[in-house]
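In: Got a predicted model here, sequence first, then my questions.
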Amino acid sequence: MTQYIAAMDQGTTSTRCILFGHDGKIVASDQIEHAQIFPKPGWVEHNPIEIIENTYSVLRNALQKADLTAKDVASIGITNQRETTIVWNRYTGLPYQNAIVWQDTRTAELCELLARRHGGQDRFRAKTGLPISVYFSGIKLRWLFDHIEGLYEEAVKGNLLFGTVDSWLIWNLTGGPDHGIHCTDVTNASRTMLMNLKTLSWDQEILDELDIPSAILPRILPSSAEFGHCRIDQAEIPITGILGDQQAALFGQTCFTAGEVKNTYGTGCFMLLNTGSVPVQSKNGLITTVGYQIGSLPPVYCLEGSIAVTGALVQWLRDNLKLITSSSEIESLAREVPDNGDVYVVPAFSGLFAPYWCSDARGIIVGLTRFANRGHIARAVLEATAFQTQEVLEAMEKDSGVNIRMMKVDGGMVVNELLMQFQSDILGVPIVRPQVAETTALGAAYAAGLAIGYWKSLSELRDNWAIDKTWIPQMDADQRIRLCARWKKAVSKSFDWV
Ligand SMILES: Nc1ncnc2c1ncn2[C@@H]1O[C@H](COP(=O)(O)OP(=O)(O)O)[C@@H](O)[C@H]1O
Ligand SMILES: O=P(O)(O)OC[C@H](O)CO
């Protein structure tokens, strides 16, 4: 009987299930968006119950579309938006409050306090690879203890469990209050600021400093391993892969060799460079993270440039300014003008992440004159993604010593031809889009499939990767340098707003 691997991709804006066959091609898929909750400026929440319900629905819907049942699924791989923080009651299964999403900035003051009290923003960097920032889960968890009455007591009593979205999903899928498995993988754990990158275990010293009881934390496992069984429709499907979504995209792009790099263009943009078995500490505003770990093999580390707002800016143009009615419309609007008319949009909605790590920045539009029109704004919105990526690539080359000659791309924005050409122009390197653009889901499927022998080796996975389209740089160097300098000037105007 032919069997398939189901990848559950729980992203910032939607939840997807994609069924893959042995050739790494998509057999069927389903996707449901969930509500984005913005209770205050800078706060972003999701409803964890909505997310788990959508997870079951997309799995069932994808199976139905392919005329399959749960028994046709050899195993499940989970991939997820990272850092987003959930606390729930182990007996009722109910979250104590909405998930605090990775983009949320409510912990800015706490971050400042921690940095001041503990000797600077890089206090935990040597151990965790991360600067103190609103981005990471450990600090969101501390904030919850400080602001929700009785929550810390719940933790001490042993009622409370903490997890990133992967842990929430797997605990629910494997039974919830009825013996659900409380675990995570090394890639997600490396985003909490609580895991030691070298030992791959929770760091007691950091837990003590943040006063986090270790009993509430999930067990850390490799990315490709036996996590438990998903109980659905009288079947039990093994769950054998978990990867944070950006690491999953790296895996799906088959960047298995040190020096290989990919950039994923979704809500935010995340460039990951495989640095092999050694965690490289960044001196240029990147972070160090676990790329993946296959079974008992040593982990593979990455340098990462995380950009908080890219596709989200396109959504903002659609939902808040209503200049477009769908994300794809931005391309035709931007093509109405030949260039940006010297207008720049700096989308520092969550402050700025890499390479600045500046929580006090906020979004700005600069360079407006009466000449500027909707087309210029649309163009500046797309260009913001390319310029932010250029700054990350520059930092990546400095930190790693690698001269990046080609970049594999994926994510929802890579259908935008104007953006992809401009990106190649601004980077001065070719951009390559693979045939299977759903690399995040594919990476999770690969991790799951490797664990059960569905795929036998990394080289077998590499054979599945094929080019769909390549963009070659066409802009002359002077123009590129001039535009990048304008961008940097625009960024400097966004600093020190809050
Ligand atoms: N044609 C397009 N041009 C520019 N941006 C687009 C286009 N189509 C989708 N997007 C953006 O891509 C993002 C969705 O990408 P996706 O990879 O699904 O995101 P995520 O995994 O973060 O939920 C949205 O922010 C959307 O605005
Ligand atoms: O869900 P995405 O694709 O926006 O990815 C979000 C990242 O994992 C945040 O670190």
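Out: The structure has been received and is ready for your questions. Just so you know, these numbers come straight off a predicted model, no measurement behind them. Ligands and ions are numbered 1, 2, ... in the order given.
In: from here on, contacts and neighbour counts on C-alpha atoms
Out: OK.
In: and the longest helix for the protein?
Out: helix 374-400 (DSSP state H).
In: other SSEs contacting it?
Out: If you count contacts as 3 or more Cα pairs under 8 Å, 6 or more residues apart in numbering; DSSP states H and E, helix 374-400 packs onto strand 269-276, strand 300-307, helix 311-319, helix 329-334, strand 344-346, helix 417-427.
In: let's go with 6 Å and repeat that
Out: For helix 374-400, the elements it packs on are helix 329-334, strand 344-346, judged by 3 or more Cα pairs under 6 Å, 6 or more residues apart in numbering; DSSP states H and E.
In: next structured bit after the helix or strand of the chain with the lowest mean pLDDT?
Out: Ranked by mean pLDDT, DSSP states H and E, the helix or strand of the chain with the weakest confidence is helix 108-117, at a mean of 89. Scanning forward in sequence from helix 108-117 by DSSP states H and E, the next helix or strand is helix 125-128.
In: Show residues contacting that following helix.
Out: With Cα atoms under 6 Å, 6 or more residues apart in numbering as the test, helix 125-128 has contacts from 131, 193, 196-197.
In: same thing with stretch 229-244?
Out: Under Cα under 6 Å, 6+ apart, the answer for stretch 229-244 is 75-80, 82, 173-174, 187-188, 223-228, 444, 447-448.
In: and the angle for the longest helix of the chain with strand 269-276?
Out: Angle between the axes of helix 374-400 and strand 269-276 is 20 degrees (criterion: axes from the mean of the first three to the mean of the last three Cα atoms, to 10 degrees).
In: which residues of the stretch 101-250 of the chain fall in helices?
Out: 108-117, 125-128, 137-147, 151-157, 165-173, 186-189, 204-210, 245-252 (DSSP state H, counting those that start in this stretch).
In: what's the closest of those helices to L483?
Out: Between L483 and the helices of the stretch 101-250 of the chain, the shortest separation by Cα to Cα is 28.3 Å, and it involves helix 245-252.
In: returning to what we had before: out of the contacts of helix 125-128, which is most surrounded?
Out: M193 (27 neighbours; other Cα atoms under 10 Å).
In: any idea how far that one lies from L427?
Out: M193 sits 31 Å away from L427, going by Cα to Cα, to the nearest Å.
In: same thing with L59?
Out: Distance from L59 to L427, by Cα to Cα: 39 Å.
In: For the residue nearest to I52 when sequence neighbours are not counted, the count of nearby residues, please.
Out: Closest residue in space to I52, ignoring its immediate chain neighbours: L169 at 6.4 Å, by Cα to Cα, 6 or more residues apart in numbering. By the measure other Cα under 10 Å, the count of residues near L169 is 29.
In: cool, and T92?
Out: So T92, with other Cα under 10 Å, has 11 neighbours.
In: show me what contacts the residue of the stretch 51-200 of the chain found nearest ligand 1?
Out: Residue nearest to ligand 1 within the stretch 51-200 of the chain: Q81 (7.5 Å; Cα to the nearest ligand atom). Shown in contact with Q81 (Cα under 6 Å, 6+ apart): 11-12, 245.
In: packing partners for the host helix or strand of A447?
Out: When elements are assigned from DSSP H and E, A447 belongs to helix 439-451. Applying 3+ Cα pairs under 6 Å, 6+ apart, one finds that helix 439-451 contacts strand 4-10, strand 73-80, strand 224-232, strand 235-244, helix 245-252.
In: per-residue confidence at the residue nearest to I52?
Out: In this model, L169 is scored at 97, pLDDT.
In: Now do the SS call for D463.
Out: At D463 the chain is in helix, as set by DSSP: H, G, I helix; E, B strand; the rest coil.
In: Please report how far it lies from L483.
Out: Distance from D463 to L483, counting by Cα to Cα: 39 Å.
In: Neighbour count for those two, which is higher?
Out: The residue with more neighbours, out of D463 and L483, is L483; 15 against 11, by other Cα under 10 Å.
In: what are the phi and psi angles of that one?
Out: phi -70, psi -40 (degrees, to the nearest 10).
In: List, one by one, the residues from the stretch 151-300 of the chain near ligand 1.
Out: Residues of the stretch 151-300 of the chain lying near ligand 1 by Cα under 6 Å from any ligand atom: 266-267.
In: residue contacts, the residue in the stretch 151-300 of the chain positioned nearest to ligand 2?
Out: Using Cα to the nearest ligand atom, the closest approach of the stretch 151-300 of the chain to ligand 2 is made by T267 at 4.2 Å. With contacts defined as Cα under 6 Å, 6+ apart, T267 is in contact with 310-312.
In: same check, this time on F251
Out: F251 touches G443, counting by Cα under 6 Å, 6+ apart.
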